[in-house]
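[1] Sequence below, structure please.
(2 chains)
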Amino acid sequence: MSRVAALDRRYAASATLASNGAELVVFGDIYSARLDAVCRALVERVQADGPGVWDELFGASKALRWRLLTHVAPLAVDATISDAVREVEVQAARIEHAVMDLRLLNHVVDAARDVLTRDPVGGRLVLESVREVGAAQAVVVAANARAREALGSWRELEGFRVLSSSELNRTLVTEQIAYYVGPPRFFSPAMVLAPRAEEVTFIFPSWFGDRSLPRSVLEDVAESTVRVRARVIEVPDALRAPTDTFPESELLVSEDFLAPQPLWYGNEAEARVTAGDEVEAHKVLLSGRRAIWLDELGGRIRVFDGGQPPGERVGYLRVDEVSVGTYLVLRDGIAEREAMRERAIQRLGARWPGIEQSQREWKSALAQRLADLGNAEAERQLKAAGVGAASQVRAWVSPELMRPQRARDFVILLRWLGIPEDPFTSNANVLRREVHGAMRELREILEGAANDIDLRMLEAQGHLRLELAEPGYRGMFVSRVLAKSPWTVAMSRSRVRLPFEDGGGQWLE
Amino acid sequence: MSELTAATGRPRVVLQLADGIGAAPSSAPWIGGLLSLGTRLSRRLNSFAGQQVVVVLTVPSREYAALLVGCGWALARQPRRAMSDPISALCTPGAVGKNFRAVTATHVISGTLLGVDMSRNPVRVTLAGHWAADKFDAVAEVDEPDAAERMERPVPGSVSIMAGLDKYWPLRLAAPAADLAIIGTRAWLVDEMEALLSREGEADADQLAALLLPKSEQAATWSTRVYSSASLMEHLPLPEDLRLVILDGSQAISYVSAVISDLVVCVVDRSATDDSAARQLLQLRNSRGAPVSLRADLGWRAPAGVESFAFSMAL
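    Numbers count the residues shown, from 1 in each chain, chains lettered A, B, ... in the order given. Next comes the predicted model:
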């Protein structure tokens, strides 16, 4: 099939899915439903008692619950569920003598063990569905690499294509229907907003609390939309739940609480107003037991995108666009901005002292004016004078930011400060040129190293060291963002973007 | 390009695209649909009263989308200079020493005019080689020298002909509008420019590169600047004479605030896993934008599978 014809299939699939809707096959399963119920009871317990003794068991139970949604191959084929049940037992045994509510503890263990009573119901449903349609028309999509491995090794599914969502995006899809093993929430919105097959079906248990389909962020403002609606089909369990099952928790628990959570270790309490050389920073948890503080107004940060062709993989993203799944390029021991400055200073040699002085002069004049007028008034005046990026005025005081982005803004700013254009503009431009030169230098070195990155390994592990031989560039690595805190903390500018050890993302890996 | 609208009741023209030479073309509604957006933007360029207009498109896959919008724009743009007689242009006093482009039957050449010999008939010139000036179909002065001295002259295909470009094809090559920039993954954009656009049923095709005339080391003339988003930081600020900038993909779109051209088209790839681009644009529209109706203000409706909206901002 030609590339354009394959592309046209994607346009057509999107239009068709928007018109017909996606199917949700929700099935009853008394055993996993019971496990879900005890998880909700645990939420109540943890909320009542506060963080403490139940935490690890809670984590293990949520992990089991999570895996039940995506690992549906028979227990003999896929050990993931049994392993997760074992972990629950281990954690329960650890706290046996420390808890008051032994009844709840026993229910958790019983519910976990009961899950092993029979092979996952979801697996049987997937098999029936694909057999009905045939291998030429059905493709099975697993929620992650591990689930894909497991389903792929299930002999009954031989002959049917089993892919992960990222693989689905990369290959040619000629099948009519894509069966997703798990709820829509577990898959990228692209699965529904840019479908590869004309028909899309999600298969998951009825107790999962979120049946929503992804929506385009632009849905409310768009003139033409690709809204996809859900058609729900219920498949009850053949077995009836015994009447003495653990009672349903009264608490309405959102799926957000039941998902594996990042551990923030009580940092939230530190929030306060910034002073002097301080910035507001989000905490970003990274794969490989690391974390960094990321400044809010911090401009850009280096990222790695394996999906881009060689030579264009190392780019810059705005700090506020960094989100879960972004791969950051970082260096142990030093923030890149520092490194770039140092390199630029090296390149400038004898010219540096004069330029440093020049930068300091206009920046301190600006700082003084801001102190006199206040940020809001200064911004207002600059805006009135024609400065396009007036809202950035606070950031221009910092030594790391060389000059306002637009030449015109800089000229107007200097005039407003009552400072002559020369030599401040030319000095700032020289500095900027050298910093850009240093950035280009590093980017080329990184692109060279990026070509050697094993993308599969990076995707599976979440982080990788970059082997750079050049002195002054050691200790660089690529790491996936696991979570970004919704809150910020005020801290000294020197602490941002410096990677440090932190286990907060352990449940998210 | 009024044949592309259905409003008049005349039969709609269907366009087709082939990946490259030798590939079978496929026709599809989004080809003409995306092309016509570019054309309409060019036609209505001056109707937005000093505001910057941002058009956002989301597509199931980014392939060809940015280039098609760019081609539509290029098809509607006029050459930078008026037609002038090549010989008189080169014989003007002071011409020697300036940079010129000239279009012959087979090539576009570019370089510094080193000499003009008016004693011969026809006049002989030294411009990237030695020529008889009557071999030139068009000549135009250029401000900056081109990277290459010569390149093959492209031949108009069924789409250029439909747009009437063949009537001033040489002038269009010598002095193209040069007011478009496309920012994205450069390697992919360059690869996609090999595609061939034609009217359904017609063999004569326009290569996208011939319509866009990308600036490159091999170009003796150019109309479109193509930047890689990964290294865009090193090229800021963008040239001030750009009228349309197309941002292809989330990394390119993250630079939207650095773009000061009259028109911006953002192509969001819905098959990409992160939706930061769409969020950023929504936030921009909510904080600084006034609504613009693509249907009412541009007379353009998105083809099936394409999500779209537009807004304007004070620069």
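[2] how many other residues sit next to residue A:431?
    22 (other CB atoms under 10 Å in any protein chain shown). Any C-beta I mention is one placed from the backbone N, CA and C, and that applies to glycine too.
[3] so which strand or helix has residue A:482?
    strand A:476-492 (DSSP states H and E).
[4] anything in that strand near chain B?
    No. If you take CB under 8 Å from any CB of the partner chain as the test, strand A:476-492 misses chain B, and the best it gets is 10.5 Å.
[5] for stretch A:133-142, same thing?
    No. Figure legend: stretch A:133-142 not in contact with chain B (CB under 8 Å from any CB); closest approach 13.8 Å.
[6] what does the stretch 151-300 of chain B put close to chain A?
    So the stretch 151-300 of chain B meets chain A at B:185-188, B:195, B:228-234, B:236-237, B:250-251, B:254, B:257-258, B:260, B:269-276, B:278-282, B:285, B:293-295 (CB under 8 Å from any CB).
[7] Report the buried members of those residues.
    B:185-186, B:188, B:195, B:228-234, B:250-251, B:254, B:258, B:260, B:269-276, B:278-282, B:285, B:294 (16 or more other CB atoms under 10 Å in any protein chain shown).
[8] Strands - which of those residues land there?
    In strands, judged by DSSP state E, the following of those are found: B:228, B:269.
[9] what's the pLDDT at residue 273?
    All of this is about chain A. Predicted confidence (pLDDT) for residue A:273: 61.
[10] nope, chain B please
    pLDDT, residue B:273: 76.
[11] Who are the contact partners of it?
    If you count contacts by CB atoms under 8 Å, 6 or more residues apart in numbering or on different chains, residue B:273 has them with A:166, A:188, A:190, A:325.
[12] and the spatially closest residue to residue A:486 that is not a sequence neighbour, what are its bridge partners?
    Leaving aside its sequence neighbours, residue A:486 sits nearest to residue A:282 (CB to CB, 6 or more residues apart in numbering or on different chains; 7.9 Å). In this entry, residue A:282 is beta-bridged to residue A:294, residue A:488, by DSSP bridges.
[13] so residue B:314 touches residue B:53, yeah?
    No. Using CB atoms under 8 Å, residue B:314 makes no contact with residue B:53, being 11.3 Å away.
[14] ok so, going back, what's the following helix or strand after the strand holding residue A:482?
    Heading C-terminal from strand A:476-492, the first helix or strand you meet, by DSSP H and E, is strand A:500-501.
[15] Can you tell me which helices and strands that following strand packs against?
    Here strand A:500-501 touches strand A:290-295, going by 3 or more CB pairs under 8 Å, 6 or more residues apart in numbering or on different chains; DSSP states H and E.
[16] what residues are up against the residue in the stretch 101-250 of chain B positioned nearest to chain A?
    The minimum distance from the stretch 101-250 of chain B to chain A, using CB to the nearest CB, falls at residue B:230 (3.8 Å). Neighbour list for residue B:230: A:308, A:312-316, A:443, B:185, B:251 [criterion: CB under 8 Å, 6+ apart].
[17] Which of those sits closest to residue A:297?
    residue A:316 (15.4 Å; CB to CB).
[18] Tell me the bridge partners for the closest one.
    residue A:302.
[19] Please report how far it lies from residue A:322.
    11 Å (CB to CB, to the nearest Å).
[20] Need the overlap of contacts for the two.
    By CB under 8 Å, 6+ apart, the residues touching both residue A:316 and residue A:322 are A:301, A:303.
[21] Give the buried residues for stretch B:19-36.
    In stretch B:19-36, counting by 16+ other CB under 10 Å, buried: B:19, B:23, B:25-36.
[22] For chain A, tell me which of those show up nearby.
    By CB under 8 Å from any CB, the members of the buried residues of stretch B:19-36 lying near chain A are B:19, B:23, B:25-26, B:28, B:30.
[23] Mind picking the two most distant members of those residues?
    Greatest spatial distance in these: B:23 and B:30, 17.8 Å, computed using CB to CB.
[24] how about low-confidence regions in the stretch 151-300 of chain A?
    Confidence mapping of the stretch 151-300 of chain A against pLDDT under 70 gives the ranges A:243-252, A:263, A:265-277, A:298.
[25] Up against chain B, what does it have?
    Counting by CB under 8 Å from any CB, the stretch 151-300 of chain A sits next to chain B at A:166, A:169, A:188-190, A:193-195, A:216-218, A:221-226, A:300.
[26] for the helix or strand of chain B with the lowest mean pLDDT, packing partners?
    One helix or strand of chain B scores below all others by mean pLDDT, DSSP states H and E: helix B:86-91, with a mean of 90. Contacts defined by 3+ CB pairs under 8 Å, 6+ apart place helix B:86-91 against strand B:99-103, strand B:107-117, strand B:138-142.
[27] what about 10 Å?
    Under the contact definition 3 or more CB pairs under 10 Å, 6 or more residues apart in numbering or on different chains; DSSP states H and E, helix B:86-91 sits against strand B:99-103, strand B:107-117, strand B:124-127, strand B:138-142, helix B:169-174.
[28] Relative to residue B:150, which of these is closest?
    strand B:107-117 (4.7 Å).
[29] so where's chain B shaky on pLDDT?
    B:1-11.
[30] pLDDT of stretch A:356-376, averaged?
    The model assigns stretch A:356-376 a mean pLDDT of 91.
[31] Residues in contact with it: which ones?
    Under the contact criterion CB atoms under 10 Å, 6 or more residues apart in numbering or on different chains, stretch A:356-376 has outside partners A:345, A:348, A:377-382, A:391, A:393-394, A:396-399, A:401-403, A:410, A:413-414, A:416-419, A:422-428, A:430-431.
[32] can you check stretch A:334-341 too?
    Under CB under 10 Å, 6+ apart, the answer for stretch A:334-341 is A:292-293, A:295, A:298-302, A:328-331, A:333, A:342, A:398-402, A:431, A:434-439, A:441-442, A:472-473, A:475-476, A:493-499.
[33] so how far is residue A:183 from the residue nearest to residue A:115 when sequence neighbours are not counted?
    Nearest non-adjacent residue to residue A:115, counting by CB to CB, 6+ apart: residue A:31, 5.0 Å away. Distance from residue A:31 to residue A:183, counting by CB to CB: 18 Å.
[34] again with residue A:7
    Taking CB to CB, one finds residue A:7 at 29 Å from residue A:183.
[35] try residue A:384
    52 Å.
[36] after the helix or strand encompassing residue A:94, next one along is what?
    When secondary structure is defined by DSSP H and E, residue A:94 falls within helix A:80-95. Next helix or strand after helix A:80-95 toward the C-terminus (DSSP H and E): helix A:102-114.
[37] So which elements touch the longest helix along chain A?
    The helix that spans the most residues within chain A, counting by DSSP state H, is helix A:424-450. Helix A:424-450 makes packing contacts with strand A:300-304, strand A:314-318, strand A:327-331, helix A:336-348, helix A:352-373, helix A:407-417, strand A:476-492 when contacts are defined by 3+ CB pairs under 10 Å, 6+ apart.
[38] Distance from the chain centre to the fourth one, please.
    Using CA atoms, centre = their mean, to the nearest Å, the mean C-alpha position of helix A:336-348 is found 30 Å from that of the whole chain.
[39] Rounded mean pLDDT for it, please.
    In the prediction, helix A:336-348 has an average pLDDT of 81.
[40] got the buried residues for that helix?
    For helix A:336-348, the neighbour count (16+ other CB under 10 Å) marks A:336-337, A:339-341, A:343-345, A:348 as buried.
[41] Name the SS class of the residue nearest the centre of chain A, please.
    Geometric centre of chain A, nearest residue: residue A:324, 1.2 Å, by CA atoms, centre = their mean. Secondary structure for residue A:324, judged by DSSP: H, G, I helix; E, B strand; the rest coil, is coil.
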